[in-house]
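Peer 1: quick one: sequence plus predicted model below, questions after.
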Amino acid sequence: MKKEMILVTGGTGYIGSHTVVELQNAGYQVVIVDNLSNSNVDVLDGIERITGTRPEFVEADCTDIVAMRGLFDKYPDIKGIINFAASKAVGESMQKPLLYYRNNLNTLMNLLELMGERGVKGIVFSSSCTVYGEPDCNPVTEEAPIKKATSPYGNTKQISEEIITDVINAGAPFKSVILRYFNPVGAHPSAEIGELPNGVPQNLIPYLTQTAIGVRKELSVFGNDYNTRDGYCIRDFIDVVDLARAHVIAVERMLEDKSDEKIEIFNLGTGNGLSVMELIEAFERATGVKVPYKIAPRRAGDIEQVWADPKYANEVLGWTASTPIDDTMRSAWAWQLKLRERGIM
Ligand code: UD1
């Protein structure tokens, strides 16, 4: 028996596509809406090759309320939403703040409005550890204070969490699970889907794998004089498939009313901090491929160190990020090789 229908906004993107795979594997019916502004329609082929099922797809911009109403007219059985549709480049958000506020907030507000009208039971929201800023101590629990955002991107995540909270506290007839991701990396082990940033990557792993394959000359490691064990920034790198699985559990929790809480917040991380240099070493060890790098000045706005205390998610969701980092590095590399094979990168 097929389970309920879930709308995945931004479902052809990096985390979205991996989540669609896990949802379909768990028996959910999936409708993707995406404007393809930072993804490619071919991702649907990859999802179909992995799961044997092609998700429904609507090309539309979630900020377009008319198009979104049309989508709900076409798929009146949607019972849950996972909202990935958002702009996510920290640097770009400093240059184009309005784009970020408009895309990220209007998308969310449209969805919340339509959920009430159309009897949707819950929304999973993609938030980020960026809401904790530079944390006072690590690992970070969900109780850690929210720090003033240092970029419009980060601010949209904080404001979005507040919008959801205000709307539900005002009596909206649905639930929400807010997931604060740490640093998602890697690709599906089949190498059918993965991360494909437009232009020059800003994030560490796509830059690293593109350097390893020769598209980029060398990786700049931003800063070696941080107050950490080896002087490099520390992050909690979480495998994207582990992350995707948490969304399926969150959806189930809302649709099956497994919790009395109307809003729940979970940190999604491994609980282990790895430095940028330790990650480079893990990549080289796991793949046998050397990464040319140089030490560069610190990048403005970078957090020194942040990693998750995932205990709450572990206990309440019965979920852990269990993929070993070496496997994650191998999947990231297999995906880069696949892009080369296809002549894309
Ligand atoms: C940032 C955001 C996060 C957002 C994520 C996705 C903050 C504080 N963090 O994470 O909220 O969800 O991007 O876009 O706003 N590095 C290098 N060389 C590179 C690239 C990165 O050394 O070429 C280093 C960075 O200095 C950092 C680490 O690698 O220490 C991770 O960087 P990155 O992958 O960009 O993610 P965050 O900045 O942690």
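Peer 2: Arrived safely. Numbers count the residues shown, from 1 in each chain.
Peer 1: got the residues of the stretch 201-345 of the chain near the ligand?
Peer 2: 202-204, 207, 219-222, 233, 235, 276, 299, 302-303 (Cβ under 6 Å from any ligand atom). Where C-beta positions appear, they are placed from N, C-alpha and C, glycine not excepted.
Peer 1: if I look at the closest residue to Glu59 other than its chain neighbours, how far off is Phe182?
Peer 2: Nearest residue to Glu59, sequence neighbours excluded (Cβ to Cβ, 6 or more residues apart in numbering): Leu36, at 6.2 Å. Taking Cβ to Cβ, to the nearest Å as the measure, Leu36 falls 27 Å from Phe182.
Peer 1: who's more crowded, the two?
Peer 2: Phe182 (27 against 14; other Cβ atoms under 10 Å).
Peer 1: looks like the more buried one contacts Leu268 (just checking).
Peer 2: Yes: in terms of Cβ atoms under 8 Å, Phe182 counts as a neighbour of Leu268; the distance is 6.6 Å.
Peer 1: what is in contact with these two at once?
Peer 2: Ile238, Ala308 (Cβ atoms under 8 Å, 6 or more residues apart in numbering).
Peer 1: now the strands for the stretch 1-150 of the chain?
Peer 2: 5-9, 29-34, 56-59, 78-83, 122-128 (DSSP state E, counting those that start in this stretch).
Peer 1: Throw these into TSV and include mean pLDDT, distance to Tyr100 and mean neighbour count, thanks.
Peer 2: Shown next, in TSV, are these (pLDDT from 0 to 100; distance: least, Cβ to Cβ, whole Å; neighbours: other Cβ atoms under 10 Å):
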stretch	mean pLDDT	distance to Tyr100	mean neighbour count
strand 5-9	98	16	26
strand 29-34	98	18	24
strand 56-59	98	22	17
strand 78-83	98	15	24
strand 122-128	98	13	24
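Peer 1: so Phe125 touches Asn83, yeah?
Peer 2: Yes: between Phe125 and Asn83 there is a contact under Cβ under 8 Å: 5.4 Å.
Peer 1: so what touches the helix or strand of the chain with the lowest mean pLDDT?
Peer 2: Within the chain, confidence by mean pLDDT, DSSP states H and E is lowest for helix 90-95 among all helices and strands, at a mean of 93. With Cβ under 8 Å, 6+ apart as the contact definition, helix 90-95 has outside contacts at Ser87, Leu99, Tyr100, Thr130, Ser151, Pro152, Tyr153, Gly154, Thr156, Gln202, Gly301.
Peer 1: and if we set it to 10 Å?
Peer 2: Contact with helix 90-95 is made by 87, 89, 99-101, 103-104, 128, 130, 149-156, 202-203, 299-302, as judged by Cβ atoms under 10 Å, 6 or more residues apart in numbering.
Peer 1: only alpha carbons, please: show it as CSV.
Peer 2: Output of helix 90-95 as CSV, limited to C-alpha atoms (Å, rounded to 0.1, in the frame of the first residue of the first chain):
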residue,chain,number,x,y,z
VAL,A,90,26.0,32.9,2.4
GLY,A,91,28.3,35.2,0.3
GLU,A,92,25.6,35.9,-2.3
SER,A,93,23.1,36.7,0.4
MET,A,94,25.3,39.6,1.5
GLN,A,95,25.3,41.0,-2.1
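Peer 1: the helices in the stretch 1-150 of the chain, which residues?
Peer 2: 14-25, 43-51, 65-74, 90-95, 97-101, 107-118 (DSSP state H, counting those that start in this stretch).
Peer 1: want to throw the residues of the stretch 201-345 of the chain next to the ligand into TSV with secondary structure?
Peer 2: TSV is the format used below for these (DSSP: H, G, I helix; E, B strand; the rest coil):
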residue	secondary structure
Gln202	coil
Asn203	coil
Leu204	helix
Tyr207	helix
Leu219	strand
Ser220	strand
Val221	strand
Phe222	strand
Cys233	coil
Arg235	strand
Val276	helix
Arg299	coil
Asp302	coil
Ile303	coil
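Peer 1: quick check: which of the helices of the stretch 1-150 of the chain is buried the most?
Peer 2: Among the helices of the stretch 1-150 of the chain, helix 14-25 has the highest mean neighbour count (mean count of other Cβ atoms under 10 Å), at a mean of 25.
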